[in-house]
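S.K.: Just to be clear, the model below is a prediction. Sequence and coordinates:
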Amino acid sequence: MPLALTDRLDHGSAAQGRFHQTISAKSFPRFAEMVLESDGSLEVDVEVERSSAGIALLNGRVRGRISQQCQRCLQAVNLDLNLALRVAVVMPGGDDLAPAGFEPWQAPGEVTLGGLVEEELVLSLPMIARHAESEDCPALMEQTGSAQEEMRAESDAPDSPFAVLRKLKDD
């Protein structure tokens, strides 16, 4: 049976089935605020089953490409999102009821499929978005350039044990 993002997963619900759809990142308002381009699409493929105790077990993936602001150069950095979901929706204090291999997710009230997926998306974002060392980042290139200049200047200086004293005297 196909599921919708609005289907409840808490303990008063019996929802189960599969949700497989490519949806806009705008469908998740909190997540859309944290990325630069919220027009991107996310492929959500989640299957919800119920354990013998009635606990909702989510198993699936969320894939997509998003962009955030690089904290070094303040330009866009593209991030590939490949989030694996293995979550058990439990009551507060019921972490031990989650089956092995499932992360317990405590739900004190009403929980929807969309709300849970959005929470996992928000948690999957890096705390500090930045370009990788191998990518072109103007701020990183500036940092490495100045560091190389400092190294050259240090290597050109004579290796005298009194060079530090001479520098202090000159200041």
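M.R.: Thanks, I have the structure now. Residues are numbered from 1 along each chain as shown.

S.K.: hang on, residue 123 in a strand?
M.R.: No: counting by DSSP: H, G, I helix; E, B strand; the rest coil, residue 123 is not part of a strand but helix.

S.K.: Next one: it from residue 160, what distance?
M.R.: Counting by CB to CB, to the nearest Å, the gap from residue 123 to residue 160 is 55 Å. Where C-beta positions appear, they are placed from N, C-alpha and C, glycine not excepted.

S.K.: before we move on, what about residue 58?
M.R.: Taking CB to CB, one finds residue 58 at 67 Å from residue 160.

S.K.: Those two - which one has more neighbours?
M.R.: residue 58 (22 against 9; other CB atoms under 10 Å).

S.K.: shouldn't that one be in contact with residue 47?
M.R.: Yes: proximity of residue 58 to residue 47 meets the contact threshold set by CB atoms under 8 Å, at 7.4 Å.

S.K.: How is this protein divided into domains?
M.R.: Split into domains by automatic domain parsing, the chain comes to 17-124, 138-170.

S.K.: Now do the longest one: distance to the chain's middle.
M.R.: Between the centre of domain 17-124 and the centre of its chain there are 10 Å (CA atoms, centre = their mean, to the nearest Å).

S.K.: Use 832 as the first number for this chain going forward.
M.R.: Sure thing, new numbering starts at 832, so read that last one as domain 848-955.

S.K.: Tell me the span between the first and last residue of that domain.
M.R.: One end of domain 848-955 sits 24 Å from the other (CA to CA, to the nearest Å).

S.K.: Could you do stretch 930-939 as well?
M.R.: End to end - CA to CA - stretch 930-939 spans 19 Å.
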